[in-house]
Each structure stands twice: as structure tokens, then as C-alpha cells.
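Visitor: Here's a sequence, model it:
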Amino acid sequence: MCILFSAAQHHPLPHMCPTPFSLFLRILLSFTLYPPLDTRAHWRRFPLSQVFPRALSHSFRSPPSIIMSAITCYKCGEAGHMSRSCPRAAATRSCYNCGETGHMSRDCPSERKPKSCYNCGSTEHLSRECTNEAKAGADTRSCYNCGGTGHMSRDCPNERKPKSCYNCGSTEHLSRECPDRH
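Guide: This is a model prediction of the structure:
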């Protein structure tokens, strides 16, 4: 059995905790009740191999399920996954390449548009390196609203998509006012 508080020693850490989860609790409680002045020294007292014996053989992208159940996603507010692996995230944002929802530009099934200079239209360089004068007919700017070229989203002739919250996908508020924001 693991004692979580020893009144005789006035310290919240137990001395003999046999399970990795108990060691995890020791570290968690020590940060909560008595934050160390030097966190590096604190971690030297509790090496990761002692807290999670199999941690060195597993990827840090998939922590033990006991920890994952306590993690809450910043995008949808649900427990059990992180925002980078949120299943609801891809459906709420639109692709910068084609303008469709359901995927991001890196996963776009459409052919990628070649990057070009916004100033002169050349595909040999980007606008920050451009030394040419702007050409009147070379407007290759792409619209984030419809995915078309020749205009930017503020000048888009198509109906503008409603702005939505990056956390939950709602169109009733933006992420800074999201009730699910943590």
C-alpha cells in the first residue's frame, strides 16, 4: 500500500510506492503541494524510467492510457485525445489549396497550386525576393474562401463562409469567446 502523506516527515511524498502509477502520483503531488525551485533537480530524483518503466520503449506521442483519459482536447473539449489528433478538427476548417472543408491543404486531393510571386506572378521566386515591377495582368493571389485565383478572400465574389470557432466549430462565436476553451 502506498501512503500519500507522511505527517511524521511533513512531506507529501511516500517513500515506498511499488507501482509506476504511485510514482506518477508522487511527482504530481510534489508539484502541486511543494513546487520545486529547480525542476531539473526534481526530475533527477524521479527518473522517467522509474515512473514509467516501459516509457523508453514507447513513443511519447502515445502516453499510457491512464494519462490519456485525463487529457482534454483544446479543439472539441472532449477527454481522451489531444488537439493534434482531434477527429472533429478537420471538418471545421477549410483547405487553403481548394477551399473545401473536411481536410487541410497538406492532405488535399486536388493538384497543388504552384507557389508564385504575388507581385509579378512568376513561379521562379516569391514576392519577398521579387525585384520586378508589378504586372497588371499577373494577379495570381489565391482566395482562402473559394480557393480560386486572381483575388483575395476579402474581394471574393462568392458568398463568404461564416467565421467559426477553432475550438468547437460553432459559427455562433469565435475561439476567444468559446465556452469550451480551457
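
Visitor: C-alpha only now, for contacts and for neighbours.
Guide: OK.

Visitor: Any idea how many residues pack against residue 142?
Guide: Residue 142 has 22 neighbours, counted by other C-alpha atoms under 10 Å.

Visitor: Relative to residue 130, how far out is it?
Guide: 18 Å (C-alpha to C-alpha, to the nearest Å).

Visitor: Please apply the same query to residue 83.
Guide: In terms of C-alpha to C-alpha, residue 83 sits 37 Å off from residue 130.

Visitor: and if you look at residue 80?
Guide: Look at residue 80 and residue 130: by C-alpha to C-alpha, they are 47 Å apart.

Visitor: Over to residue 120?
Guide: 8 Å.

Visitor: ditto for residue 124
Guide: According to C-alpha to C-alpha, residue 124 stands 10 Å off from residue 130.

Visitor: hey, what's in contact with both of these two?
Guide: residue 117 (C-alpha atoms under 8 Å, 6 or more residues apart in numbering).

Visitor: Compare those two (neighbour count), which wins?
Guide: Ranked by neighbour count (other C-alpha under 10 Å), residue 124 and residue 130 place residue 130 first, with 16 against 11.

Visitor: and that one, what is it in contact with?
Guide: Applying C-alpha under 8 Å, 6+ apart, we find residue 130 in contact with 117, 119-120.

Visitor: Just give me the closest of these to residue 180.
Guide: Here the nearest of the contacts of residue 130 to residue 180, counting by C-alpha to C-alpha, is residue 117; it sits at 39.7 Å.

Visitor: Could you check how many residues crowd around the closest one?
Guide: So residue 117, with other C-alpha under 10 Å, has 21 neighbours.

Visitor: Does it touch residue 126 like I think?
Guide: Yes - the pair residue 117 / residue 126 is scored as a contact, 4.2 Å apart, by C-alpha atoms under 8 Å.

Visitor: For residue 159, give its distance to residue 153.
Guide: Using C-alpha to C-alpha, residue 159 is found at 10 Å from residue 153.

Visitor: Of those two, give the one with the bigger neighbour count.
Guide: It is residue 153, of residue 159 and residue 153, that has more neighbours when counted by other C-alpha under 10 Å, with 18 against 8.
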